[in-house]
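A.B. asks: sequence? don't have it. structure:
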DNA sequence: GAAAAGTTTAACCAAATGATTAAACTTTTC
DNA sequence: GAAAAGTTTAATCATTTGGTTAAACTTTTC
């Protein structure tokens, strides 16, 4: 027998590559088998069907990135620090695994059921009964540390700003040739500009 | 003969629905034919192959939304008005045709070549030699109307903030049950919050 | 009004593809 | 060490699917 499920790991690794490259419908079981260096029938032996294999790959990948992101979240009552940490983590997590965006997008196509459940289970595993970020914003407003914004709206804005360059990279590099949207230099500047925009945009009315 | 290419229109309409619903790989020529009420061979008679039919549908859909958006762009030297107009138009265009996001996303998966070319051709048809938005921002900075931001970064931020709720709607409505992310009320609030965040975030250092 | 051109259909094809089967090979069990 | 359990493979299957063909039907042309 294979200790540590060596074959299973080989399959998942190969399947991840192929699914990310071709999409669920575009992926071919034969290609996955070839890349894993095994017989096609073994895929079914381990995962029964293409659907189940895809589910497995999807869950594994997305969950690992989410965990990574949530583990890096800062616990602080200083909203500037908290928001800066959020931006930095989000962009870092995506730059480490930009491919997951495609999984998430495909899932949205399917209706988002599964990923919604997954996110909620990740949060509840960590003992949160509510999405933490808007709550943090609400508390900062209560303390008068930032002006009265809609917490949910601010959350959407932050995610959108962090996500978009990764999402549209392939188009952007055609529209703005010469800009390297995934280079560390660009991403550092992005972090800085997003934070400055947001922080100046939400600091209390009178304050600096 | 069919005046105004009646059959062709029926095909494009049916194909748009099916491609949007199932994706390019997931779509079946038979389903398109059924929905158009014609024989499958006619699809090939008019469009030769699935690939070409998809290209046609994609171009038609995306181009119409882009045109719509660009036609509504305001010509003004007041950056507040200009930015507000951008946000309003972007969100309105997407709320009218939220499905196009899926086409664009799929295209990104394919490498973004085609859509990059399409966007550039749309701009050059209108006599722009450069993407207009960052240029406008640069000019406003030159006039001292807004603080020194990176024009490209601000552009990305705006698009990301406007796009994200549409992109992730299906997930968000699971994470925040009770919020209706495509309702007019929500979208109006979104426009307002995005503008306020950005405007407060970029007004000149001393000014109000 | 008949030949030509254009449009539509039913039937068919070849290739691809996810899945299954039965047998061979390997490891574990007792 | 042989039976049992677990793993892997080659061969095969059934179905799906994009695409083709040849004939029928309709409109245009002259």
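C.D. replies: Received the coordinates, thanks. Keep in mind that what you see is a predicted model, and the values were worked out from it rather than measured.
A.B. asks: please make it C-alpha for all contacts and neighbour counts, starting now.
C.D. replies: Fine.
A.B. asks: quick one: the least confident helix or strand in chain A by mean pLDDT to helix B:100-109, angle?
C.D. replies: Least confident element among the helices and strands of chain A, by mean pLDDT, DSSP states H and E: helix A:100-110 (a mean of 83). For helix A:100-110 against helix B:100-109, the angle by axes from the mean of the first three to the mean of the last three Cα atoms, to 10 degrees is 140 degrees.
A.B. asks: quick check: next helix or strand after helix A:100-110?
C.D. replies: Sequence-wise, the next helix or strand downstream of helix A:100-110 (DSSP states H and E) is helix A:113-125.
A.B. asks: helices and strands around that following helix, which ones?
C.D. replies: The helices and strands touching helix A:113-125, judged by 3 or more Cα pairs under 8 Å, 6 or more residues apart in numbering or on different chains; DSSP states H and E, are helix A:50-71, helix A:100-110, helix B:169-175.
A.B. asks: name the residues that touch that helix?
C.D. replies: Helix A:113-125 has contacts (Cα atoms under 8 Å, 6 or more residues apart in numbering or on different chains) with A:63, A:67, A:104, A:107-108, A:129-131, B:170-172, B:174-175.
A.B. asks: and residue A:49, how far is that from chain B?
C.D. replies: 17 Å (Cα to the nearest Cα, to the nearest Å).
A.B. asks: spit out the contact partners of residue A:133.
C.D. replies: residue A:155.
A.B. asks: element containing residue A:156, please.
C.D. replies: In the assignment (DSSP H and E), residue A:156 maps to helix A:151-167.
A.B. asks: how about residues contacting that helix?
C.D. replies: Under Cα under 8 Å, 6+ apart, the answer for helix A:151-167 is A:87, A:90-91, A:94-95, A:98, A:101, A:133-135, A:137-138, A:172, A:181-182, A:191, A:194, B:156-165, B:190, B:193-194.
A.B. asks: hmm, back to that, among the contacts of helix A:113-125, which one lies nearest to DNA strand D?
C.D. replies: residue A:107 (19.5 Å; Cα to the nearest atom of the strand).
A.B. asks: what about the residue nearest to the closest one when sequence neighbours are not counted, neighbour count?
C.D. replies: Distances taken as Cα to Cα, 6 or more residues apart in numbering or on different chains place residue A:115 nearest to residue A:107, at 6.9 Å, with adjacent residues excluded. Using other Cα atoms under 10 Å in any protein chain shown, residue A:115 has 23 other residues around it.
A.B. asks: where does residue A:115 land on pLDDT?
C.D. replies: We note a pLDDT of 87 for residue A:115 in this prediction.
A.B. asks: mind listing what's buried in stretch A:188-207?
C.D. replies: Buried residues in stretch A:188-207, defined by neighbour count with 16 or more other Cα atoms under 10 Å in any protein chain shown: A:190-191, A:193-203.
A.B. asks: touching that stretch from outside, list them.
C.D. replies: A:80, A:83-84, A:87-88, A:91, A:144-149, A:161-162, B:149-150, B:153-154, B:157, B:196-202.
A.B. asks: apply 7 Å and report the result again.
C.D. replies: Applying Cα atoms under 7 Å, 6 or more residues apart in numbering or on different chains, the contact partners of stretch A:188-207 are A:80, A:84, A:87-88, A:145-147, B:153, B:197-198, B:200-202.
A.B. asks: phi, psi for residue A:182 please.
C.D. replies: Here is the backbone geometry of residue A:182 (degrees, to the nearest 10): phi -110, psi 10.
A.B. asks: do you know how far it is from DNA strand D?
C.D. replies: 35 Å (Cα to the nearest atom of the strand, to the nearest Å).
A.B. asks: that older thread, between the contacts of stretch A:188-207, which is nearest residue B:29?
C.D. replies: residue B:153 (42.1 Å; Cα to Cα).
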